[in-house]
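Asks: sharing a sequence plus its predicted fold:
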Amino acid sequence: MNKLLKFITVIMTASVFFSCDDIMDVHQQYIEGGEKIYAPKVDSLVFRNGKGRAQVWFWLLESPNVRSVDIFWNSYTDSLIVPVTPSTGLDSMEVYVPLAEERSYTLYIRTTDIFGNHSLSETGSATSYGAIYESTLANRGVRKVIMTDFTTEIQWYGIADDYVCSEVRYTGVNNEVQIVRALPNETSTPCPNAKAGTAYEHRSLYLPPNSIDTFYMEWTDVLEEITEITESRAFNGPHIFSAATPCEIQARDFDYGGEGVAFHDVSGRTPNSSYRTEAGDELSKTVDIEGGGNLGYVGVGEWLVYTVEVQDAGVYAADVYLSVNNGDGGSFSFAADGNAGEMVVAPNQSSWSNWTWVFETYSDLTQPTFRLSAGKHKIRFTVGPGGFNLMAFKFTRTGD
């Protein structure tokens, strides 16, 4: 019996030996030249789109021997080899991949260590945006611009996909550049502390899905898109009415707001001076401001509005600095806050440049007066028959 057991044991041991030998024969082809060693893989890969590029973000964990992160695309025909010096801990890294052609890409990521070993590749996708995408964008539409004495409000149309915000740029009262933003949920944007006559420009910003890059539209003049200005505002002001000293206002400093709001012009002449446009007013191009600073070719039916600030309430008398070259004289009237006065006829000076304060010179004429409370008021000057050149106004407090 013992001999039988020994025989069986010998047979089983031989079988195991030869079986193991067969297994080694099967795997021998995979370990010839040494065991295959892989470099550590990147961890927690994140791919983000961009403008002509992509961002690849990842971790390297305990990988001090890794010498580069290798990124391939276009079926491995293009590559970016990024040298790295990771630590023995956890390292956060990001790489920007240049992708000139505007389309989607498949990216392959691996590491290489100091011994020349590579990691297994990780795969992800990203989109490069460029001129094609940008051609589909436009500045957010301006529906209306409302101007008052105190602020300017821009009202907007709806938004498009990927819209981030709109920026409005203008000059503040202290001559500093101001920028305010209109967010997607906002349909109007106030522009506080704006300098009178400032230009308003706007642009919209867009961010494609999962993108690191924002697309900025070109700055566009808001006033080119205005559909309505409901109220004028002081230009080159404030124009202060007080008991201390008369207030002189140059005729060319009529309110900012454009035709039908701040002025009405019937001549349509091209001005000889860039005084208003240099101050940012593109709405007054038809008003003839001559080289001497006066308004020329002032004709019947035209009018100008001036926003003034009264510090001392009371009665104020108006005078006009003008020159009439018309045998019948030149007529005009004033209105304060819509309350019109009588038409006055200034005598003929037989010259376009014989400047005269009308009521200082012609005491027989009835001088226009109006009672004003403290605060903001609108003074409107209207031209009647006759025509003249107009230089300035003077407002003097004459009583309570």
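Replies: It's in.

Asks: which parts of stretch 90-99 count as buried, going by neighbours?
Replies: For stretch 90-99, the neighbour count (16 or more other CB atoms under 10 Å) marks 91, 95, 97, 99 as buried. Every C-beta, even on glycine, is put in place using the N, C-alpha and C of the backbone.

Asks: same check on stretch 332-346?
Replies: 332, 333, 334, 335, 336, 341, 344, 345, 346.

Asks: beta partners of residue 316?
Replies: residue 370, residue 397 (DSSP bridges).

Asks: for residue 305, same thing?
Replies: Here residue 305, judged by DSSP bridges, has bridge partners residue 380.

Asks: and the strands in the stretch 151-300 of the chain?
Replies: 151-156, 163-171, 177-182, 188-192, 201-206, 215-216, 220-221, 240-241, 247-250, 263-264, 295-298 (DSSP state E, counting those that start in this stretch).

Asks: contacting residues around the fourth one?
Replies: Strand 188-192 is touched from outside by 151-156, 166, 168, 170, 178, 180-182, 200, with contacts defined as CB atoms under 8 Å, 6 or more residues apart in numbering.

Asks: same check on the third one?
Replies: Where contact means CB under 8 Å, 6+ apart, the residues beyond strand 177-182 that reach it are 140, 154, 156, 165-172, 188-194.

Asks: give me that answer again for 6 Å
Replies: 156, 165, 166, 167, 168, 169, 170, 172, 189, 191 (CB atoms under 6 Å, 6 or more residues apart in numbering).

Asks: residue 89: what's its closest spatial neighbour, skipping adjacent residues?
Replies: The shortest distance from residue 89 to any non-neighbouring residue, by CB to CB, 6 or more residues apart in numbering, is to residue 62 (6.9 Å).

Asks: and for that neighbour, the neighbour number?
Replies: The local packing of residue 62 (other CB atoms under 10 Å) involves 13 other residues.

Asks: what about it, distance to residue 40?
Replies: 7 Å (CB to CB, to the nearest Å).

Asks: so which of the buried residues of stretch 90-99 sit within strands?
Replies: 91, 95, 97 (DSSP state E).

Asks: quick one on the thing from earlier: quick one, which of the strands of the stretch 151-300 of the chain gets closest to residue 376.
Replies: strand 240-241 (10.5 Å; CB to CB).

Asks: picking that back up, lowest-confidence member of the buried residues of stretch 332-346, which is it?
Replies: In terms of pLDDT, the lowest of those is residue 341, showing 88.

Asks: circling back to that earlier point, closest one to residue 81 out of the buried residues of stretch 90-99, please.
Replies: Nearest member of the buried residues of stretch 90-99 to residue 81, counting by CB to CB, is residue 95, at 10.3 Å.

Asks: once you drop chain neighbours, what's closest to residue 146?
Replies: residue 153 (4.6 Å).

Asks: can you map out the helices along the stretch 301-400 of the chain?
Replies: 358-361 (DSSP state H, counting those that start in this stretch).

Asks: would JSON lines of the buried residues of stretch 90-99 with distance to residue 107 and pLDDT be doable?
Replies: Shown next, in JSON lines, are those (distance: CB to CB, whole Å; pLDDT from 0 to 100):
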{"residue": "91", "distance to residue 107": "20", "pLDDT": "89"}
{"residue": "95", "distance to residue 107": "10", "pLDDT": "96"}
{"residue": "97", "distance to residue 107": "7", "pLDDT": "97"}
{"residue": "99", "distance to residue 107": "9", "pLDDT": "97"}
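
Asks: same list (those residues) but as JSON lines, adding distance to residue 377.
Replies: Formatted as JSON lines, the buried residues of stretch 90-99 follow (distance: CB to CB, whole Å):
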{"residue": "91", "distance to residue 377": "69"}
{"residue": "95", "distance to residue 377": "65"}
{"residue": "97", "distance to residue 377": "64"}
{"residue": "99", "distance to residue 377": "62"}
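
Asks: still on that earlier bit, around the residue nearest to residue 146, count how many other residues there are.
Replies: 15.

Asks: also residue 157?
Replies: Residues near residue 157, counting by other CB under 10 Å: 12.

Asks: local confidence estimate at the nearest residue to it once chain neighbours are set aside?
Replies: Among residues not flanking residue 157 along the chain, residue 141 sits closest, at 3.6 Å (CB to CB, 6+ apart). pLDDT, residue 141: 90.

Asks: distance of residue 141 from residue 221?
Replies: The gap separating residue 141 from residue 221 is 14 Å, by CB to CB.

Asks: just give the nearest non-adjacent residue to residue 374, would you?
Replies: Take residue 374 and drop its neighbours on the chain: the residue closest to it by CB to CB, 6+ apart is residue 313, 4.7 Å away.

Asks: right, and the one you found touches residue 373 too?
Replies: Yes: with contact defined as CB atoms under 6 Å, residue 313 reaches residue 373; the gap is 4.9 Å.

Asks: which helix or strand lies directly C-terminal to the helix or strand that contains residue 124?
Replies: Using DSSP states H and E, residue 124 maps to strand 122-129. Scanning forward in sequence from strand 122-129 by DSSP H and E, the next helix or strand is helix 131-134.

Asks: which of the residues in that next one are buried?
Replies: Buried, per 16+ other CB under 10 Å, within helix 131-134: residue 133.

Asks: and that helix, how far out from the chain's middle?
Replies: Relative to the chain's own centre, helix 131-134 is displaced by 20 Å; criterion: CA atoms, centre = their mean, to the nearest Å.

Asks: cool, thanks, signing off.
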